[in-house]
Every structure is written in structure tokens, then in C-alpha cells.
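> When you get a sec, could you give me coordinates for this:
(one chain, ligands or ions: 1)
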Amino acid sequence: GQESPKREWSLRDFEIGKPLGKGKFGRVYVAREAKSKYIVALKVIFKEQIEKYKIQHQLRREMEIQTSLRHPNILRLYGWFHDDERIFLILEYAHGGELYGLLRKTNYLSEKQAATYILSLTQALAYCHEKNVIHRDIKPENLLLDHEGRLKIADFGWSVQSRSKRQTMCGTLDYLAPEMVENRPHDYAVDNWTLGILCYEFLYGVPPFEAESQTDTFRRIIKVDLSFPSEPQASAEAKHLITRLLVKDSSKRLSLQRIMEHPWIVKNADPSG
Ligand SMILES: COc1ccc(C(=O)Nc2ccccc2)cc1NC(=O)CCSCc1cnc2[nH]ccc2c1
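Model (predicted):
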């Protein structure tokens, strides 16, 4: 339908609430739009930071992509505005917080919950790939929950920067596919690998190649040194799906379409997300 006319927002339109956290480029606050009382997340980015890293065009490109993405499992970017020294992103606020928090609290998820989140992620990724957007690093801290517990992929912004190896190197290696840790060309299939990592972590509470040192994690990833603990018990179908995603040869990983049709997903996932 006809989009509502893009009005120019300004800081005067918002009442700023508590800080939600801070990223590389700025801080995020809960905020309420004064007229509608609608709750959003307001991300403040300092222009001098953007100029310093010379990523004005990347930010503009990312804004164009993000405002065009409309999917129930992708955090919305509603719009943005700026003043002399700052850029403000008006983002969807996920009332359920970080999925990481839930995972830490409950240790691991039920097969139904895990399958529901994997299906949501798969559908969101299929949507992104249709729009030729390769997602960046999907890991639990980039996943948020809305008020109904529905999963939202929240692009934490430094994704433009996290393309560079050094950024991911100082993060954790646990979610990186072999072709990424071996610095080989990588494509969409890295996201399929990450789905396997996340599925394992949702069911067992730890990522499959976790190790004392980054070097050991590195070795376990390139060897695909995968084993399933005896506790907690997971179904054979769940293990089958994980085994079909954590495949070194990226062309042999289960496709997003086949994940959605996998027996474990069909049997356990709640399609309403
Ligand atoms: C679509 O999303 C985004 C789009 C773009 C950017 C961004 O910063 N781009 C960038 C910046 C500088 C240079 C280049 C590119 C960030 C996000 N998204 C987030 O940052 C998610 C956490 S903030 C929201 C939020 C909501 N709901 C919550 N509930 C609890 C915490 C919480 C936190």
C-alpha cells in the first residue's frame, strides 16, 4: 500500500530512557515517541567516528538495505535522522532482550524451542538471500526476542566492520565456518554452517567446537571435530540435522529449503515463530 509519508524525525520527538548497551560506534537507548507513546530503540552514532573509519557510504548502503528488509524475524530499522555531530537510528525494540540471556538462564532449550528458533532463523536467512544480503555473524548475542518470545536477528551494526577478519578474530571463533577461519573465499553457505552451530548450542548449551584456547577451537573447526554429549539427550533427527549442516565442504551443507523440510523441524518447530 501507499507508505506513510516519510516525516523528518528529530530528537525532540523522543523521550530517552535507559541505556541498552553500547556498540563500537555509539550507544543504544530505549526511547518513546512522544505522540504515539511507541517504544523504540534509539541508536546514537557519532559522525566523527564514521568519518574516522571512512564508512559513510557503507552506513548509507546498510541503511538502505535495512529499511528495505521486512521480515517478522529481522529487527526493523524504522528510519533515521541526524544533528550536527550525531546520527540517530530508530530501531525496533525487542522487549524480550537477548536470546543469550534466556540460554544462560535455562542452560539449554527444549527441542521444540530450539527447532522453532532454527526455523525462524532459516526463514529470515532465506528472505535475506532472496534480497542478496549475506547476513554477517549470526551468534546468540545478535539474536533478540520480542514480547512474545519471537526471535529477531538484530544486526549489531559493526557488521560492516566485522567483515574484516581482525574484528571476528577478537570476538569468538566458535561460530565461524572452516572457510572463514582458513581465510578462503566464503559465500552464503557460511550461514548454513552457523545454523548448525546454533542448533547444537540451543540443545546442549555450549557451541560444538568450544575449547580452552582459540587455537584449539580453530583446530576443532577445520577438522569438524563434532561429538554429541550423552547429557542432555537430543533426538536422532536433531543430531542428523546438525551433522548435515556442520560439513566442511560448503556445497554439501543442507540448503535453507531442505532445513525447513527436515523431519526434526517439521515435527518440533512452531510455525508461528
Ligand atoms: C536493524 O538493526 C540495526 C541496523 C543498523 C545498525 C547499525 O548500527 N549500523 C551501523 C552503525 C554504524 C556504522 C555502520 C552501520 C544496528 C542495528 N541493530 C542493532 O544495533 C541491534 C541492537 S540495538 C536495538 C535493540 C533492540 N531491542 C533490544 N532489547 C534489548 C536490547 C535491545 C537492543
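> contacts, neighbours, all on C-alpha from now
Will do.
> And for D270, the neighbour number?
When neighbours are counted by other CA atoms under 10 Å, D270 registers 16.
> Average pLDDT for whichever helix in the chain runs longest, rounded please.
Secondary structure of the chain per DSSP state H: the longest helix is helix 111-130. What helix 111-130 shows for mean pLDDT is 95.
> do stretch 259-273 as well
On average, stretch 259-273 scores 96.
> start to end distance for that stretch?
15 Å (CA to CA, to the nearest Å).
> Next, report how far that stretch is displaced from the centre of its chain.
20 Å (CA atoms, centre = their mean, to the nearest Å).
> hmm, who's touching it?
With contact meaning CA atoms under 8 Å, 6 or more residues apart in numbering, stretch 259-273 is reached by 111-120, 122-123, 150-151, 237-238, 241.
> one step back: which strands and helices lie in contact with the helix or strand just after the longest helix of the chain?
Where DSSP states H and E defines the elements, the next helix or strand beyond helix 111-130 is strand 143-145. Judged by 3 or more CA pairs under 8 Å, 6 or more residues apart in numbering; DSSP states H and E, strand 143-145 is in contact with strand 97-98, helix 99-106, strand 151-153.
> Minimum distance to the ligand: which of these has it?
Closest approach to the ligand among these is made by strand 97-98 (3.8 Å; CA to the nearest ligand atom).
> The closest one and the ligand, are they touching?
Yes: Strand 97-98 reaches the ligand (CA under 6 Å from any ligand atom) through 97-98.
> Identify all contacting residues around that strand.
Applying CA under 8 Å, 6+ apart, the set of residues contacting strand 97-98 is 140-146.
> try it again with 7 Å
141, 143-145 (CA atoms under 7 Å, 6 or more residues apart in numbering).
> Stretch 225-236 too?
Stretch 225-236 has contacts (CA under 7 Å, 6+ apart) with 204, 208-209.
> and with 8 Å instead?
For stretch 225-236, the external contacting residues (CA under 8 Å, 6+ apart) are 111, 203-204, 208-209, 220, 239.
> now stretch 77-85
For stretch 77-85, the external contacting residues (CA under 8 Å, 6+ apart) are 8-10, 46-48, 63, 66-67, 87-92.
> Tell me which two of those residues sit farthest apart.
Among the contacts of stretch 77-85, the pair separated by the greatest distance (CA to CA) is E48 and E92, at 25.0 Å.
> ok, these two, which is more surrounded?
E92 (21 against 12).
> I figured H186 hits L176, correct?
No: taking contacts as CA atoms under 8 Å, H186 lies outside contact range of L176: 10.7 Å.
> Between these two, which has more neighbouring residues?
L176 (23 against 13).
> Going by neighbour count, which residues in the longest helix of the chain are buried?
For helix 111-130, burial by neighbour count (16 or more other CA atoms under 10 Å) applies to 111-128.
> ditto for stretch 250-260
Neighbour-count burial for stretch 250-260 [16+ other CA under 10 Å]: 250, 253-256, 259-260.
> do stretch 195-212 as well
Result for stretch 195-212 [16+ other CA under 10 Å]: buried residues 195-210.
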